[in-house]
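**Q** below are the sequence and a predicted model; questions follow.
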Amino acid sequence: MKKAQIRIKKLREDAVVPTYGSPYAAGADLYACLEEEQVVSPGQTVMFHTGIAMEIPEGYAGLIFARSGLASKRGLAPANKVGVVDSDYRGEFMIALHNHSDVPQTVLPGERIAQMVITPVLAAEFLQVEELEETQRGSGGFGSTGR
Ligand SMILES: O=c1ccn([C@H]2C[C@H](O)[C@@H](COP(=O)(O)OP(=O)(O)OP(=O)(O)O)O2)c(=O)[nH]1
């Protein structure tokens, strides 16, 4: 698979550059940059450092998603559900992990805590109009097509 080169900077000595878990993985795993293990209490949200900043190309965004295993087995997932990283963002990638389980969860230094998909985004210019083009669906939504 042809890969785009993305410039990345370590902001902390022990930061880990994101990695893809398999050759065709869509999401690159993001690593917690911690000096010591961090406990996340039930119902608590903790902001985790990744220690990295990068240049997402113009016309793209980084979407930060939960890792399914971490979320389903330990209840740890981003508090903001999906993090959106703008291409002009040059700050540190941060991950606000929320503990949805009912027991304390320990995150270890260097643990993979989320994954980032880099995806094209369309920059829109919103043109206000009086009528929108008709479609078969029309304004039906929220289960309008039945089960
Ligand atoms: O999970 C996340 C979400 C965002 N960001 C960074 C990258 C993004 O470009 C910036 C701003 O994110 P967002 O637009 O979601 O923040 P906001 O709450 O709307 O504040 P702002 O006024 O800074 O845009 O924060 C992260 O590091 N992790």
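**A** Everything's here; your move.
**Q** list the beta-bridge partners for the residue of the chain at minimum distance from the ligand.
**A** Nearest to the ligand in the chain, going by Cβ to the nearest ligand atom, is G83, at a distance of 2.2 Å. Using the backbone N, CA and C atoms, a C-beta is placed for each residue, glycine as well. Judged by DSSP bridges, the bridge partners of G83 are I64.
**Q** give the contact list for the spatially most central residue of the chain.
**A** In the chain, the centroid-proximal residue (Cα atoms, centre = their mean) is I64; its distance is 0.6 Å. Contacts for I64 (Cβ atoms under 8 Å, 6 or more residues apart in numbering) come out as 30, 78, 82-85, 93, 95, 114-116.
**Q** apply 6 Å and report the result again.
**A** By Cβ atoms under 6 Å, 6 or more residues apart in numbering, the contact set of I64 is 83, 114, 116.
**Q** now neighbour count too, for those, in a markdown table please.
**A** Listed next are the contacts of I64 as a markdown table, based on neighbours: other Cβ atoms under 10 Å:
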| residue | neighbour count |
| --- | --- |
| G83 | 19 |
| A114 | 28 |
| M116 | 23 |
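**Q** since that was my last question, I'll sign off now.
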